[in-house]
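>>> This is a predicted model, with the sequence first.
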Amino acid sequence: MSPYWWVAVVMLALYGLVAAALDVVERLFSRGPQTGGPPLVSVLVIVKDREDSIEMFLRSAAGIGVSGSSVPYEIVAVDDYSSDNTWRVVQRLAASCPAIKAVRMADVPVPGERAETIGLFMCAGDIALVCRFQDGVDEVALLSVVRHMLRKPGHDRSTSLRVR
């Protein structure tokens, strides 16, 4: 082989090292949220037999992010073995809204696993708000907690509000 090949290989390797170093420096010193990165807030909603109210709740929760929040968010809806049409409603909404992920416990290949564990595994956010959607959950209070988390500035996104 001619010496020019070796020069080209060395130059290409150096270019790769410099590009990788610049990428690391940019990530370390960048300010503000990354637009293409993972969501900062995950809302995990575990639901069972609530076809009458889950659609309104998920639409409201998805609307929070659409209504002007620059914080990336996601909603992970886990159907916990519903016997009604809850899964169909959740699946339809997930297909129409990119902020909603849906999983059905009946389709999970790990028997005996809890819905919370599966849902948290699916969450990509730095913050996860877990809600078991059932009778007695105040949807308005939960949505206000989510809204509060999405609107807090910068690095101070922790909250300790109680939802009854």
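Great, that's in hand. Residues are numbered from 1 along each chain as shown.
>>> Contact partners for Ala128?
Ala128 is in contact with Val41, Ser42, Val43, Leu44, Leu120, counting by C-beta atoms under 8 Å, 6 or more residues apart in numbering. Any C-beta I mention is one placed from the backbone N, CA and C, and that applies to glycine too.
>>> Restricted to strands, list these.
Of the positions in the contacts of Ala128, Val41, Ser42, Val43, Leu44 sit in strands, assigned by DSSP state E.
>>> Low-confidence stretches in this protein?
By pLDDT under 70, the weakly predicted segments of the chain are 1-3, 25-39, 64-71, 135-140, 143, 146-147, 149-164.
>>> hey, where'd the strands end up in it?
Assigned by DSSP E, the chain shows strands spanning 41-47, 73-79, 100-104, 127-133.
>>> and those as a markdown table, adding distance to Val18?
What follows is the strands of the chain, written out as a markdown table (distance: least, C-beta to C-beta, whole Å):
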| stretch | distance to Val18 |
| --- | --- |
| strand 41-47 | 35 |
| strand 73-79 | 35 |
| strand 100-104 | 37 |
| strand 127-133 | 35 |
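>>> nearest to Arg92, of those strands?
Closest approach to Arg92 among these (C-beta to C-beta): strand 100-104, 9.2 Å.
>>> what's the burial count for the closest residue to Val103 other than its chain neighbours?
Nearest residue to Val103, sequence neighbours excluded (C-beta to C-beta, 6 or more residues apart in numbering): Val78, at 5.3 Å. Here the number of neighbours of Val78 (other C-beta atoms under 10 Å) works out to 27.
>>> Any figure for the gap between Val78 and Val47?
Computed as C-beta to C-beta, to the nearest Å, the Val78 to Val47 distance reads 7 Å.
>>> With Val110 instead?
Taking C-beta to C-beta, one finds Val110 at 19 Å from Val47.
>>> which of these two has more neighbours?
The neighbour comparison of Val110 against Val47 (other C-beta under 10 Å) goes to Val47, with 25 against 9.
>>> Help me confirm that the more buried one comes into contact with Val90.
Yes: judged on C-beta atoms under 8 Å, Val47 makes contact with Val90 at a distance of 7.0 Å.
>>> which residues do those two both contact?
Common neighbours of Val47 and Val90 (criterion: C-beta under 8 Å, 6+ apart): Ile54, Ala77, Asp79.
>>> which one of these sits closest to Ala19?
For the shared contacts of Val47 and Val90, the nearest to Ala19 is Ala77 (39.3 Å; C-beta to C-beta).
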